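Enquirer: give me a model of this one.
(one chain, ligands or ions: 1)
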Amino acid sequence: MKIYFAGSIRGGRDDQKVYVEIIEHLKNMGTVLTEHICNDLAEMGEEEKTDDWIFNRDMDWLNVSDVLVAEVTTPSLGVGYEISKAESLGKPVICLFRNFGTKSLSAMIGGNKDLNVYRYVDIKDALKYLDSFFEQLMRSQFATASKVING
Ligand code: 6IA
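Expert: From the prediction side, this is the model:
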């Protein structure tokens with residue numbers, strides 16, 4: 001399972017600690033292609049990379065990923081773009097939004113029934129949601145693979 005995790009970078013780093021917890025959890029379920037998103041910006045070692053290099057690298061990863069998991073509490077143009085791109089590529093998309101009262105989720109995400117939007121207060125609930133989502137996803141991938149093999 002190749003997982004593309006999306007979280008705000010230039011949109012603001014307020015939720016970096018939450019990204020760490022989610023990514024650590026996702027690593028039990030597959031390969032997180034974008035693990036660096038939870039690192040401190042200085043450690044990302046990407047300052048010297050050009051924007052078009054970053055864009056092309058991330059789009060290549062999105063293309064080969066099986067699922068997109070986005071933490072959408074801190075609004076980010078890049079994360080919004082990645083969600084829309086993953087949706088048009090037919091990838092399953094999970095959007096996690098921390099509901100703590102002062103921020104509200106964009107209607108372009110919250111109103112889209114094709115995205116799996118989960119609003120949480122306690123991070124533990126978000127991780128449980130991921131567990132059940134991935135269990136279903138793996139079951140459906142297994143059923144599709146069996147059909148291909150057995151006809
Ligand atoms: O608009 P944003 O920067 O908040 O967009 C964040 C999203 O776009 C993330 O989910 C990433 O997948 C992708 N992205 C945007 N910028 C970068 C990046 N820049 N490195 C990797 N992925 C990125 C590094 C520059 C940084 C050292 C300032």
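Enquirer: could you report the pLDDT at the residue in the chain that the ligand sits nearest to?
Expert: When distances are taken as C-beta to the nearest ligand atom, the chain reaches nearest to the ligand at G78, 1.9 Å away. The way it works is simple: take the backbone N, C-alpha and C, and place the C-beta from them, glycine included. Confidence at G78, expressed as pLDDT, is 98.
Enquirer: likewise V32?
Expert: pLDDT at V32 comes out at 98.
Enquirer: and for the one 3 residues further on?
Expert: Taken from the predicted model, the pLDDT recorded for E35 is 94.
Enquirer: phi, psi for the closest residue to it other than its chain neighbours please.
Expert: Once flanking residues are discounted, E35 sits nearest to I23: 5.8 Å by C-beta to C-beta, 6 or more residues apart in numbering. Main-chain dihedrals, I23, degrees, to the nearest 10: phi -60, psi -40.
Enquirer: check which residues of the host helix or strand of the residue of the chain closest to the ligand are buried.
Expert: Assigned by DSSP states H and E, G78 belongs to helix 77-88. Residues 78-80, 82-83, 85-86 are the ones in helix 77-88 that count as buried (16 or more other C-beta atoms under 10 Å).
Enquirer: what sits up against that helix?
Expert: Residues from elsewhere that reach helix 77-88 (C-beta atoms under 8 Å, 6 or more residues apart in numbering): 4, 6-11, 58-59, 62, 65, 68, 70-72, 93, 95, 106, 108-109, 112, 114-115.
Enquirer: how far out from the middle of the chain is the host helix or strand of Q141?
Expert: Assigned by DSSP H and E, Q141 belongs to helix 123-150. Relative to the centre of its chain, helix 123-150 is centred 15 Å away, using C-alpha atoms, centre = their mean, to the nearest Å.
Enquirer: which strands and helices sit next to it?
Expert: Under the contact criterion of 3 or more C-beta pairs under 8 Å, 6 or more residues apart in numbering; DSSP states H and E, helix 123-150 touches helix 16-26, strand 67-71, strand 93-98, strand 116-120.
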